[in-house]
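no sequence on hand, only this structure:
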């Protein structure tokens, strides 16, 4: 019989082997393998997991899982997690000009959005004003056009900064500028910084390999991004001015494990810059969030979030010497996808719901969900509403949020968590050997990993190894519906008119002086946010500030590595 | 013996310029297609990001390509692609044909085909389909 | 004023290049005209291991020379797949500054599949570009592999690149690049280790050369600084290229320059060094010698192609040509040797 001193029955392992060989195998032999049971990250999935697997990986509950809100934070970054307050229901939204966008925001708030992340158009993201020649045809297309503080004021008219749990934007290559815009917005509305919370993505390093809105070379870009973090440490430590991303890197082909490794290398680069400026790890780590991503495999996604929290905790404590729990707990933002297809877009509703459910069960704190037509365009009102309702259903129905880390202890999930953790750590080591975050960008390592992965994924789809309903199973012709969102050409006109008006009516001398101050601060290597804030208050444009930086640092020249 | 046939016409490789016009920075799809064309024995010239239509036309002419594959995801296709066609025609390169790849709403496709785009391949189209199309449609292949 | 290049011209040039590359559409007439030119474009070869910033340097040099109005062409050669023969040619990405000049021209080439070889094709392309009034052609290669090294035999000046932190700074010597460099460059010289990298190259050069970087003249009966005592084949080749102090009035010692191509720093100095070498090359008759060598090599290549044509396979065929098959049968049956077969075939063609 079982020995009470041993945690697991000694005969589980042999019984599992017996089951596999004598019960399962004969049945499996009667059915041709319907696909290779290998996940997108390359981890194979067994037919069954048992206590024998936990023993094999050396699972120690207190050491490896522990308790929510306590080191190593595997089961949750805070003690309450979804139980005390479900994840924040969030929307990423923006298009056209501020006027049109404001109306959409109000609708979103009406139906229950708790956080809005503003989508900016490509010209704004790339540091071009709406009247720049590089901007034509793209003003207001994938996001709202923001040229000056005046646009921000219009965008949030009737929406006080503190009426939502958090407000923010991506602003990856213009971090100090968007930070200043959100700070100045509160001033204009009469809401002190302490009373609202700003959330920025502000992660330029991933742009170079995965998203493409980079402006300057990586080193100055990273420094400017950390200026935004440093400013918040001093003036608004409850804000979250940087969210380091996996999602674009994964989507680009790297896979969630390698993508996480690259993102963590970027985290280290930013942290090292801040520590060099004299900040302590306990001061700055709490202001950084992570943006994990896994869209192909539900259970890997859960394992990935848990592994990420464990790795982050150990990294902060053991490598950086953090002592505050806030520094060691990894807060996560996620954007729900699910291998969406172009044919029959409504099918993407269950797909994204399942992908997002994994994030919820994995313990993400801030959750967004892709519109069912997002693969093809900026979401229309209908798809934005469905996305929001789906989040609300996940938060309140079915009991998904009733207990913390429901998969904790599961033979399957704890094994997967250990395997994913192993992959991420190996990836981090590889990157260290290659030279760190900058080597990933400039040495072409990042692009290589992504292109290889993307090619591999395409082959898996073309061969049917990765089943995809309506693509390789019951294939349908892809279709981009005509209800796809269309930009309003009048919005572009309005934006150009407004920009001209702002430029004409602002105090020119004040703007010039402020811009000169930004240039001086940048040249001196000082924190640029105070001077950018002054410029933004004087209605300097995004383009005017970025142009100073372009002149000083040059534009990014990509590697010719394909 | 390569030397011996040094003066014989060689079977000419299909040359494709893969272009990203405008500010959109997602080029994973473009890279996957480029890799697929490489595997099929074609020569692919990649322009890099943020090219203007003028730069793309110049590249297409200098490289004497058979096709320009434009990756379009940000919705600016109805302006940028006809402009590309117009510039090519104005500069005496009407025989260089344009393909659009990525995200294009259904109802825009006939309009694009009418404005000088030879074919639209929506995101998710298999590489084999694109390769077959190029092999069948290129005059000298 | 930069020279105009109307779109029609640009198209014509492109078509001519394709015709020569593919041996089609009247390429022979282009070549016949080109070989009647009194002088061809200066060919500058740029090579070095990956990651050394060749494309950026090419872009900067081109912009520098184009500003004076001359027509400058760039041929960027990338490796093709040994399996499919296809290639992704990505060097255009770096064409930023030089693109602003109408009088510049950029063409990407794959390394394989050129009948007669890459060097032959590159030579012919220089001929065609010369026909269209280009004054300089910059050729960029990866610097690994025999054919890449070969191309630089035909260059009027070869620039070899390295960067700090490549580990062994004389890695260039492993790829055979030390023997072909007329000017050496440590690019990305703002990175730590730049001094070490430059020193590594200088040390390697000091083993073979002595004298000042650049042109060294014999003055008033004083001998030129002696070259290395050990006269290996490699050194002999270098002395042919850079001057043998035992019999000549001047010799060239390759300079080692440090620059930051991405910021255009020291690029004018590099351009000056290249021009100095080319000028010395002309004065010391080397250019003329090289042109003669090239002509000889091409005659031999063309002749051998013509002579071997009746005995050669169709591309892609696995059949042994009928002209040779009976002899192959005999050899395999033990009734003849390959040499006897060759002699018999040559006699048929009245070559003996």
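Noted; the coordinates are in hand. No experiment lies behind these values; they were computed from the predicted model shown.

which residues of chain B lie near chain A?
Contacts of chain B with chain A, taken as C-beta under 8 Å from any C-beta of the partner chain, map to B:22-28, B:31-32, B:34-36, B:46, B:48-50, B:52, B:74-76, B:79-80, B:103-107, B:122-128. No exception for glycine: its C-beta is placed from N, CA and C like everyone else's.

show me the residues you listed that map onto helices.
Counted as lying in helices by DSSP state H, out of the residues of chain B next to chain A, are B:28, B:31-32, B:34-36, B:79-80, B:127-128.

can you flag the buried ones in those?
Buried subset of those (neighbour count, 16 or more other C-beta atoms under 10 Å in any protein chain shown): B:28, B:31-32, B:34-36, B:80, B:127.

would you confirm that residue C:267 contacts residue C:64?
Yes. Shown here, residue C:267 and residue C:64 form a contact pair, counting by C-beta atoms under 8 Å, at 5.5 Å.

for those two, indicate the residue with more neighbours.
residue C:267 (21 against 18; other C-beta atoms under 10 Å in any protein chain shown).

so what are the domain limits for the chain?
I went with chain A, as the question did not name one. A:63-463, A:499-553 (automatic domain parsing).

if you could check chain C rather than the one you did, that'd help
C:7-209+C:254-287, C:313-348.

pull the longest helix from chain A.
Per DSSP H, chain A has its longest helix at helix A:411-434.

can you spell out which helices and strands pack onto that one?
helix A:51-56, helix A:256-276, helix A:298-314, helix A:437-442 (3 or more C-beta pairs under 8 Å, 6 or more residues apart in numbering or on different chains; DSSP states H and E).

deepest of these, which one?
Highest mean neighbour count of the helices and strands packed on helix A:411-434: helix A:298-314, a mean of 26 (counted as mean count of other C-beta atoms under 10 Å in any protein chain shown).

helix or strand right after that one?
helix A:325-328 (DSSP states H and E).

average pLDDT for that following helix, rounded please.
For helix A:325-328, the mean per-residue pLDDT is 97.

and it, what does it pack against?
Counting contacts by 3+ C-beta pairs under 8 Å, 6+ apart, helix A:325-328 is packed against helix A:281-284.

from chain B, how far off is the residue lying closest to residue A:44 once chain neighbours are set aside?
Sequence neighbours aside, residue A:38 is the residue nearest to residue A:44 in space, at 5.2 Å (criterion: C-beta to C-beta, 6 or more residues apart in numbering or on different chains). According to C-beta to the nearest C-beta, to the nearest Å, residue A:38 and chain B sit 20 Å apart.

for residue A:38, phi and psi?
Here is the backbone geometry of residue A:38 (degrees, to the nearest 10): phi -120, psi 130.

how many residues are close by it?
14.

how about residue A:377?
24.

A strand includes it, no?
No. Per DSSP: H, G, I helix; E, B strand; the rest coil, residue A:377 lies outside any strand segment and is coil.

now do the same for it: its pLDDT.
Value for residue A:377, per-residue pLDDT: 72.

so it makes contact with residue B:105?
Yes. Here residue A:377 lies in contact with residue B:105, judged by C-beta under 8 Å, at a distance of 7.3 Å.

just confirm residue A:334 is within a strand.
Yes. According to three-state DSSP, residue A:334 belongs to a strand.

contacts only, for it.
The contact partners of residue A:334, by C-beta atoms under 8 Å, 6 or more residues apart in numbering or on different chains, come to A:247, A:291-293, A:356, A:359, A:364, A:366-368.
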